[in-house]
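>>> what would the 3D arrangement of this be:
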Amino acid sequence: MIGHFTEDALEWAENPEWAERYEGINFVPPESVANAAARGLRLRQKTGRGGLTTRQASKEGIGSGVARAASLKNRQKLSPSTISRMVSFFARHSAFKKNHTTNPPSNSLISWNLWGGDPGNAWAEKVKAQMDRADEK
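Here you go, the predicted structure:
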């Protein structure tokens, strides 16, 4: 969050053409995605692992699972670039799903949930497909 604006809100402000191009696409995460992100935050707090903080992620040059979880949990309107990052995250990390354990929760399971879990994966794919159709017009 930058001041009282989220990074996503600033991106929308800097790209006013998105409002018209992506009219009719809902960029607000559904409740199921928010619930998965909240579960990821609880698991991370309980175990002290899984997902990166903003500082840790910046050092790696990647997105923060903790920051993403906060915006998903709060059902903040995401930007098209965030949707694309979510699709990329799930594509990279889907290979690790076979290693997800619940007792104790694995780092990969915690990270997966921080990004919205299975509902987040399905939702991001759906929104990205809608964006791609809008971009073809």
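
>>> so who does the residue nearest the centre of the chain touch?
By CA atoms, centre = their mean, the chain has its centre lying nearest to Trp115, at 4.2 Å. Neighbouring residues of Trp115 by CB atoms under 8 Å, 6 or more residues apart in numbering: 37, 40, 65, 68-69, 72, 86, 89-90, 93, 121. The C-beta positions use only the backbone N, C-alpha and C, and glycine is treated the same way.

>>> of the residues you listed, the lowest pLDDT goes to which?
Lowest pLDDT within these is found at Gly65 (77).

>>> from Trp123, how far out is that one?
Gly65 sits 16 Å away from Trp123, going by CB to CB, to the nearest Å.

>>> ok, those two, which is more surrounded?
Neighbours around Gly65 and Trp123, counted as other CB atoms under 10 Å, are more numerous at Gly65. The numbers are 27 against 22.
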